[in-house]
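Asker: what follows is a predicted structure for the sequence shown.
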Amino acid sequence: MANFFTSSIGRKFIQSISGAFLIVFLILHMTINFFSVIDSIKGTFGAPDGLFQKGCDFMSLPIVTIMVPVLALGFLIHIIYGIYLTVVNLKARGGIKRYESGSKGKADSWSARNMVVLGLVILGVLIFHLTHFWAKMQLQEFIGEEAWNPYLLILKTFQSPVILCVYLLWFVAIWLHLNHGFWSMFQSIGWNNQVWLKRLKVIGIVVSSLICLGFACVAINGYIEAHCTTASAQYIQPLLEQIAAMK
Ligand code: HEM
């Protein structure tokens, strides 16, 4: 069994299963966040019974909260194995300059060659992201305090054009990482039918684009709600006043 975790097949298998788990998380997370865009369309962004508020209430149910350590473990395994796989591959291919002479390296896409760098950028911004949202919601509940209003957090975070740009660049890095990760995940679990690999590459582009465009809409919508008068103005005004009073 110990051999499985260190064998080439085992390493790739663990990396792809943990990656699949994280993609499922991203689809769920993006869908619930996208509720805030639907709220804007309905004029209920910031309403106590808004759709996004209901989604966050669902995410704070004990049955869902119990998944947080599992999610953290999924991230941890994916990161540690990702770095481990890269180091082992680098050694096997003869070091960091391996792509300069080999033809195999040139055939790989930019994303494929930069998976570990993209992963580390994603991790860095993820920590920044957790301080914006998770620390003000779930962490507060863990320590027995009341969670912050999720609409207020969206407004507070995305009202800054600089933070909005950091998030948009983060989504681009995630898009590149998922583009390669999606089909590579199937290849790693033994799916090496060439026709299907081509199809999976296309499906991967569609899935990663939907995920990242969904997140981008949430962030841009947050910026618009914070700066323009919209159909949800009656709910947003008190939240903006609360944010101004914090400064
Ligand atoms: C516009 C984009 C995003 C918004 C508005 C957003 C919003 C949130 C919110 C409100 C929470 C707290 C949920 C709660 O405590 O109940 C949260 C937590 C979290 N977010 Fe995001 N998120 C975004 C993008 C992302 C992306 C792209 C990732 C992954 C790469 C991510 C990973 C996480 C993780 C791991 C947590 C902690 C676990 C959890 O609470 O579910 N988020 N986010």
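Answerer: Cool, got the structure.

Asker: how far away from the center of its chain is stretch 115-134?
Answerer: 8 Å (Cα atoms, centre = their mean, to the nearest Å).

Asker: repeat for stretch 17-30
Answerer: Distance of stretch 17-30 from the chain centroid (Cα atoms, centre = their mean) equals 8 Å.

Asker: if you count neighbours, what's buried in it?
Answerer: 17-23, 26, 29-30 (16 or more other Cβ atoms under 10 Å). Heads up, the C-betas are built off the backbone N, CA and C, glycines and all.

Asker: now name the helix or strand holding the residue at minimal distance from the centre of the chain.
Answerer: Nearest to the mean C-alpha position of the chain, by Cα atoms, centre = their mean, lies Leu26 at 5.3 Å. Here Leu26, judged by DSSP states H and E, is contained in helix 8-42.

Asker: which elements pack onto the following helix or strand past that helix?
Answerer: Remark: after helix 8-42, the chain's next helix or strand is helix 51-59, criterion DSSP H and E. Applying 3 or more Cβ pairs under 8 Å, 6 or more residues apart in numbering; DSSP states H and E, one finds that helix 51-59 makes contact with helix 8-42, helix 150-158.

Asker: export only the CA atoms of the shortest one, formatted as CSV.
Answerer: If I follow you right, that is helix 150-158. Taking C-alpha atoms only, helix 150-158 is exported to CSV below (Å, rounded to 0.1, in the frame of the first residue of the first chain):
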residue,chain,number,x,y,z
PRO,A,150,-22.5,38.0,3.1
TYR,A,151,-23.8,40.9,0.8
LEU,A,152,-21.9,43.4,3.0
LEU,A,153,-18.7,41.3,2.5
ILE,A,154,-19.2,41.2,-1.3
LEU,A,155,-19.7,45.0,-1.4
LYS,A,156,-16.8,45.7,1.0
THR,A,157,-14.4,43.4,-1.0
PHE,A,158,-15.2,44.3,-4.5
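
Asker: that helix near the ligand anywhere?
Answerer: Yes - applying Cβ under 6 Å from any ligand atom, one finds helix 150-158 in contact with the ligand at 150, 154.

Asker: now the first one
Answerer: Yes - residues of helix 8-42 are located near the ligand by Cβ under 6 Å from any ligand atom, namely 26, 29, 33.

Asker: tabulate the buried residues of stretch 17-30 (TSV), appending pLDDT and distance to Asp57.
Answerer: Output for the buried residues of stretch 17-30, formatted as TSV (pLDDT from 0 to 100; distance: Cβ to Cβ, whole Å):
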residue	pLDDT	distance to Asp57
Ile17	91	30
Ser18	92	28
Gly19	92	29
Ala20	92	27
Phe21	92	24
Leu22	94	24
Ile23	94	24
Leu26	96	21
His29	96	15
Met30	97	18
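
Asker: identify the farthest-apart pair in those.
Answerer: Distance extremes for those: the farthest pair is Ile17 and Met30 at 20.7 Å, using Cβ to Cβ.

Asker: which secondary element of the chain has the worst mean pLDDT?
Answerer: helix 103-107 (a mean of 47; mean pLDDT, DSSP states H and E).
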